[in-house]
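>>> coords please:
(2 chains)
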There are 2 protein chains.
Amino acid sequence: MELIDGKKIADAIKQEIAAEVAQMVAAGGKKPHLAAVLVGHDGGSETYVAHKVKACEQCGFNSTVVRFEDNVTEEELLATIEKLNNDTDIDGFIVQLPLPKHIDEQKIIEAIDYRKDVDGFHPVNVGRMSIGLPCFVSATPQGIMELLKRYEINTKGADCVVLGRSNIVGKPVASLMMQKAMPGDATVTVCHSRTKDIKEYCRRADIIIAALGSPGFVTEDMVKDGVVIIDVGTTRVPSKETKSGFRLKGDVDFEHVAPKCSYITPVPGGVGPMTIVSLMKNTLLAAQHKIYK
Amino acid sequence: MELIDGKKIADAIKQEIAAEVAQMVAAGGKKPHLAAVLVGHDGGSETYVAHKVKACEQCGFNSTVVRFEDNVTEEELLATIEKLNNDTDIDGFIVQLPLPKHIDEQKIIEAIDYRKDVDGFHPVNVGRMSIGLPCFVSATPQGIMELLKRYEINTKGADCVVLGRSNIVGKPVASLMMQKAMPGDATVTVCHSRTKDIKEYCRRADIIIAALGSPGFVTEDMVKDGVVIIDVGTTRVPSKETKSGFRLKGDVDFEHVAPKCSYITPVPGGVGPMTIVSLMKNTLLAAQHKIYK
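Modelled structure (predicted):
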């Protein structure tokens, strides 16, 4: 069993990006510049944005955080997006989700210029990904593909079971895994709450990508020997072993499942660290105009 | 075994649309208006466009065909698209594919205003479909979903195998079948040229949607009793029984497979007739501004 070290890979990619940025700057170019729009004071959102700002520093990017209180109007947010769309110094930007309930999230997402949509949530990027065209691929699916690539895991013709059909993980990663590409070219099955006998699908799988948000869902009896497991779940569960009183638990019963695996991602330290570097990667591509002119 | 009669359903839908248009016109509204851009004199394209014009007549729509010779430039085509985008009398339009090789097909597709893209090929429509938002769904996948709906076939939790991963059938129909919707909510596996042991996937399937373009690919030994089969294949094969010297053959060995099925679409007369009514349906929705304002 080999542990897929997302932390190590993420650090390596950040260094690669920083080296590329140093070259760009040395050649007289400007630093990539990522902006984040943050609404309210949700603890999770604050933390995510702080991590993104820190990653920008590590990669040599400029970053800007635009803050609003919870009572911001949709019009104000749309006006800010319009400004960021037209700001030639901003290469890409994100609006940290979730937004307060009085804001139409989808409307906000679609207002972002898809050429600056480094989160990859705009329908143009989602659609181009499905068609197999160059686009900004959203952070988690992109991070998963990068892990499979760096660990040279053979996906071609593999039986790949995706657990969960969310718009941010399940559906896009299924779409990427079935593309004629490497990694990709897998035979993909998407399982979800309505699937009958989910165990049977898992037992046949060469690769399981678990994104249900159901801690410990995948148990020892559900997997075959030699399976590759990518665990996207990160649920906070109570713990007596940490100061905070909780820890992150994945969708996989790691302790009992890991010994059967050829490769498995731990939680934390697997897919998690990859998501922010995927955002950095997209921002670099945006600054280099490598996806859109 | 029940035959899924696409011809009958398609005729019924055309009558429903015509009745709706008659009401719109009686209420002082205008007829829906579909335009088709046709380049060159490819026999297949000529036939398809002629069928679309005829369907418009049957539905009470206005139709316009804009013709170009094979040597049309990309700029001329783009200028025409711009004109159609801005023509308030045109509710929706299509550019008949394939286009001559010197034209960038994807560029043409993306130049169409997605709000008039009744073919549903624009990335915005593809992306919105994947996310599960209202959009123009392309003709063949929409036709398949309509057949499943009208025959009240239970798809929820069903094991659905899609054979083929094309951008116009396999991928979109897989996406629709996994959505939380009726029809939909199926456990979907997409098989393709790289799939190992495709027979095993088919044997377990409750529903098979075959879109490989490989005549007679699905044989008796590959399906279980009671399976539902939607055959999207339409390959011209030589025939001594027709005047033309050929006939259309599906991806399924109909003669031997049909007796095992609970439902099956014939070729021709199954999915085929549904595709043009899907285009009519999209044009009606465009005229009514039911998808986009």
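>>> What parts of the stretch 51-200 of chain A come near chain B?
A:106, A:122-128, A:130-133, A:156-157, A:159, A:165, A:167, A:171-172, A:175, A:178-180, A:185-192, A:194-196 (Cβ under 8 Å from any Cβ of the partner chain). Every residue, glycine included, has its C-beta placed from N, CA and C.
>>> Quick one: the helices in the stretch 51-200 of chain A, in order.
A:74-86, A:105-111, A:123-131, A:139-150, A:170-178, A:198-204 (DSSP state H, counting those that start in this stretch).
>>> got these as CSV, with distance to B:D91 columns?
Shown next, in CSV, are the helices of the stretch 51-200 of chain A (distance: least, Cβ to Cβ, whole Å):
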stretch, distance to B:D91
helix A:74-86, 28
helix A:105-111, 22
helix A:123-131, 21
helix A:139-150, 36
helix A:170-178, 30
helix A:198-204, 43
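>>> Turn those into CSV, columns for mean pLDDT.
As requested, these are exported to CSV (pLDDT from 0 to 100):
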stretch, mean pLDDT
helix A:74-86, 98
helix A:105-111, 98
helix A:123-131, 98
helix A:139-150, 98
helix A:170-178, 98
helix A:198-204, 98
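>>> Turn those helices into JSON lines, columns for distance to B:K116 and mean neighbour count.
Shown next, in JSON lines, are the helices of the stretch 51-200 of chain A (distance: least, Cβ to Cβ, whole Å; neighbours: other Cβ atoms under 10 Å in any protein chain shown):
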{"stretch": "helix A:74-86", "distance to B:K116": "23", "mean neighbour count": "15"}
{"stretch": "helix A:105-111", "distance to B:K116": "17", "mean neighbour count": "17"}
{"stretch": "helix A:123-131", "distance to B:K116": "16", "mean neighbour count": "26"}
{"stretch": "helix A:139-150", "distance to B:K116": "31", "mean neighbour count": "23"}
{"stretch": "helix A:170-178", "distance to B:K116": "26", "mean neighbour count": "26"}
{"stretch": "helix A:198-204", "distance to B:K116": "41", "mean neighbour count": "18"}
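>>> what about A:K30, how many neighbours?
Neighbour count of A:K30, defined by other Cβ atoms under 10 Å in any protein chain shown: 13.
>>> Check the spacing between it and B:E46 real quick.
According to Cβ to Cβ, to the nearest Å, A:K30 and B:E46 sit 53 Å apart.
>>> what do you get for A:A26?
For A:A26 relative to B:E46 (Cβ to Cβ), the value is 58 Å.
>>> between the two, which one's more packed in?
B:E46 (14 against 8).
>>> what's that one sitting at in phi/psi?
phi -60, psi -40 (degrees, to the nearest 10).
>>> Who are the contact partners of it?
Going by Cβ atoms under 8 Å, 6 or more residues apart in numbering or on different chains, B:E46 touches B:L38.
>>> residues near A:K31, how many?
Neighbour count for A:K31, taken as other Cβ under 10 Å: 18.
>>> typed the wrong thing, it's A:D11
Here the number of neighbours of A:D11 (other Cβ under 10 Å) works out to 14.
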